[in-house]
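[1] Let me see the structure of the following:
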Amino acid sequence: LVGYFDNLEDPLRTAVVSILDSVGINQNVIGPTHSGSHTLDLILTCGLSTENIEIIPQSEVISDHHLISFIIRMDYNISTSPRYRVKCTFTSATALSFINNLPETSIRFGSAPDPVDLDQATESLESTLRCTLDRVAPLKRKIIRQKKLAPWYNDLTRSLKQKSRQLERKWRQTKLEIFQTAWKESLVQYRKSLVDAKKIYFSTLIGDNQNNSRFLFNTVAKLTRNKTTSEENTQSFHSSEDFMKFFI
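    Numbers count the residues shown, from 1 in each chain. Below you'll find the predicted structure:
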C-alpha cells in the first residue's frame, strides 16, 4: 500500500504507523517478506494476540513474496443446549419420614411355597418401597449451569485447588491436626498461585495492547473498580514535610 514498510524514513510509512497506533491496531511482522529483502506483507490485528510468526521464503517460480504463518489466540463461546441431572435429596429426617410413610408389608410375607407367588411378593415389595421413596425424596431434574472460569485460571491453579479440597475433606473426616495444617498450607499456596496467575494475565494483556489507549483505560478502570482512592481520614491540606515523609 505504501511501498517498503521497512523504510523508517518513508513519510507514508510514518503516517500509516501513526494512524494504526491511534486506533489501537498492531502491526506484527518484523523482517523482510519479499525476495528483495523488504517488508511488503503485514499482519494487522486489533484486540488479538498472535504467536509463532514464521516468514518462510518460497520458490520464485511460485511467488517472489514469502509465506507468513502465525497462530491467533482468541476466546469464543459455543452455545450448547442445557444439560440436566436427575437426583434426589436425602436429609437427616428422610429415614424417619420413609418409615412413617411405608405401608404395612408384613402380611405379604407369609409362607410362599409357590415360586410364582414369591416373585409376585418380591415385585410388590419393590414397587412399594420405590413408591414410598418417591414420595419422601422425589427425583428432581436440575440444570447443570456452566461456570465461566476466570481467564487466568490455568492447570497449575486447578491442580492446587483440587489438592486443597482433598486435604480439607480428609481433615473434616478425621479431625486430625496434621490434615488441618496441611490444608491451611495448601490453601495459602493456592491463593498465592491465583494472585500470581492474575498478575501475569493482566501484564500480558496490557503489554499486547499497549498501543490501544481505549482498551488500556477500560482495563485499568476494571481493575480499580470498587476500590477507594483515598481514606476517610485523609486531611484536606498537607504540608511539604508530610509530602516528603510519605515518599521516604
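
[2] pull the longest helix from the chain.
    If you go by DSSP state H, the chain has its longest helix at helix 177-208.

[3] helix or strand for the residue nearest in space to the middle of the chain, which one?
    Of all residues in the chain, the one closest to the mean position by Cα atoms, centre = their mean is residue 149, 2.4 Å from it. Following DSSP states H and E, one finds residue 149 outside all helices and strands.

[4] And what about residue 31, helix, strand or coil?
    Three-state call for residue 31 (DSSP: H, G, I helix; E, B strand; the rest coil): coil.

[5] Check the gap between the residue nearest to it when sequence neighbours are not counted and residue 4 for me.
    Nearest non-adjacent residue to residue 31, counting by Cβ to Cβ, 6 or more residues apart in numbering: residue 55, 5.6 Å away. To be clear about C-beta, it is placed using only N, CA and C from the backbone, and glycine gets the same treatment. Using Cβ to Cβ, to the nearest Å, residue 55 is found at 15 Å from residue 4.

[6] returning to that earlier point: mind listing the residues bridging to the residue nearest to residue 31?
    Residue 55 forms beta bridges with residue 68, as assigned by DSSP bridges.

[7] now residue 142
    In beta-bridge terms (that is, DSSP bridges), residue 142 pairs with residue 85.

[8] count of residues packed around it?
    Using other Cβ atoms under 10 Å, residue 142 is surrounded by 10 other residues.

[9] cool, residue 187 as well?
    17.

[10] One more: the one 5 residues further on?
    Here the number of neighbours of residue 192 (other Cβ under 10 Å) works out to 11.

[11] quick one, what contacts it?
    Contacts of residue 192 were listed using Cβ atoms under 8 Å, 6 or more residues apart in numbering, and none were found.

[12] What are the buried residues along whichever strand or helix holds residue 123?
    Assessed by DSSP H and E, residue 123 sits inside helix 115-136. Across helix 115-136, burial judged by 16 or more other Cβ atoms under 10 Å covers 132, 133, 136.

[13] Just name whatever secondary elements it is in contact with.
    helix 94-101 (3 or more Cβ pairs under 8 Å, 6 or more residues apart in numbering; DSSP states H and E).

[14] Off-centre distance for the helix it packs on?
    For helix 94-101, the separation from the chain centroid amounts to 43 Å (computed by Cα atoms, centre = their mean, to the nearest Å).

[15] Alpha carbons of that helix, in PDB - could you do that?
    Output of helix 94-101 as PDB, limited to C-alpha atoms (Å, rounded to 0.1, in the frame of the first residue of the first chain):
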ATOM      1  CA  THR A  94     -35.600 -38.700  55.300                       C
ATOM      2  CA  ALA A  95     -35.200 -42.100  57.000                       C
ATOM      3  CA  LEU A  96     -37.900 -41.400  59.700                       C
ATOM      4  CA  SER A  97     -40.300 -40.000  57.100                       C
ATOM      5  CA  PHE A  98     -39.700 -43.100  54.900                       C
ATOM      6  CA  ILE A  99     -40.600 -45.400  57.800                       C
ATOM      7  CA  ASN A 100     -43.700 -43.400  58.700                       C
ATOM      8  CA  ASN A 101     -45.000 -43.400  55.100                       C
END
